[in-house]
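[1] Can you look at this prediction? I've put the sequence above it.
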Amino acid sequence: MPHTLVAPVEFVQDIKKSRFIGHAAPIASEEDAKAFLTTVSDPAANHNCWAWRLGQAYRFSDDGEPSGTAGKPILQAIDGQDLDGVVVVITRFFGGILLGSGGLMRAYGGTAAQMLRAAGKREIIPMVTGDCTVSFSDLALIKARLGAIPHLSITETFTADGVDLAITLRQGDEGQAARLVRDLTSGRSNLTFPD
């Protein structure tokens, strides 16, 4: 299972008199990534190189460093730790010593990797939502029994004829929840999920 960060993190290291300042944060959209980039990028720095991954979507920038020496190694650090929904910005203040292409790749990728290794992470759990309608008399029993399924939440909408339930649970647990609803209501209610 992929992981994401629990909270934003920061990491600083000096490499051959250049200061590398790393910032990383969890994101839920490309807009989140852009907002984070705007917030942590330092206009006084020589370079603000970055990368982000969100599912199959990703972007990276070398921000003036030689092509392929900054953004791509940062992205590889994200992917190398099986992270998703993460943005990383590495800000460099040049210290006067040229690092060369290999040195830059190690500096940017290494700074990102060290920062991400030390960061708090949480597992990303794919969720699905299904719907069913139950009678008032079945509601308490269904809620009690479904509550035993990990990562499950229920939203209730009361109607004149019963209760409409939106049941959100971990992907893969749909069959267990659907059987439970069907068995507990003797087939009067069916939990269905979108295809």
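    Now that the structure is in, tell me what you want to look at. Numbering: from 1, shown residues only.

[2] Which residue ranges of this structure form helices?
    30-40, 71-80, 100-118, 136-146, 174-184 (DSSP state H).

[3] Looking at those, spot the one closest to residue 160.
    When the helices of the chain are compared by CB to CB, helix 136-146 sits nearest residue 160, at 10.5 Å. All C-beta spots, glycine's among them, are computed from the backbone N, C-alpha and C.

[4] Show me what that closest one is in contact with.
    134, 152, 154, 156, 162-163, 165, 167, 177, 180-181, 184-185, 188-189 (CB atoms under 8 Å, 6 or more residues apart in numbering).

[5] what residues go with each domain of this structure?
    Per automatic domain parsing, the structural domains of the chain span 3-123, 127-184.

[6] what does the average pLDDT come to for the last one?
    What that stands for is domain 127-184. Confidence over domain 127-184 (mean pLDDT, whole number) is 94.

[7] same deal with the first one?
    In this model, domain 3-123 has a mean pLDDT of 95.

[8] Show the end-to-end separation of that domain, please.
    From its first residue to its last, domain 3-123 covers 4 Å (CA to CA, to the nearest Å).

[9] Find the nearest non-adjacent residue to residue 13, please.
    Among residues not flanking residue 13 along the chain, residue 20 sits closest, at 5.4 Å (CB to CB, 6 or more residues apart in numbering).

[10] doesn't residue 14 make contact with the one you found?
    Yes: using CB atoms under 8 Å, residue 20 is in contact with residue 14, at 7.4 Å.

[11] Which one of the two is surrounded by more residues?
    Neighbours of residue 20 and residue 14, each counted by other CB atoms under 10 Å, are more numerous for residue 20; the result is 22 against 10.

[12] what's across from the more buried one in the sheet?
    On the basis of DSSP bridges, residue 20 is bridged to residue 13, residue 92.

[13] dump the residue contacts of it.
    Going by CB under 8 Å, 6+ apart, the list of residues near residue 20 reads 12-14, 90-92, 107-108, 111.

[14] filter those residues to the buried ones?
    Buried subset of those (neighbour count, 16 or more other CB atoms under 10 Å): 90-92, 107-108, 111.

[15] Quick one: these as CSV, columns for distance to residue 78 too.
    What follows is the buried ones among the contacts of residue 20, written out as CSV (distance: CB to CB, whole Å):
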residue, distance to residue 78
90, 12
91, 17
92, 18
107, 16
108, 12
111, 12
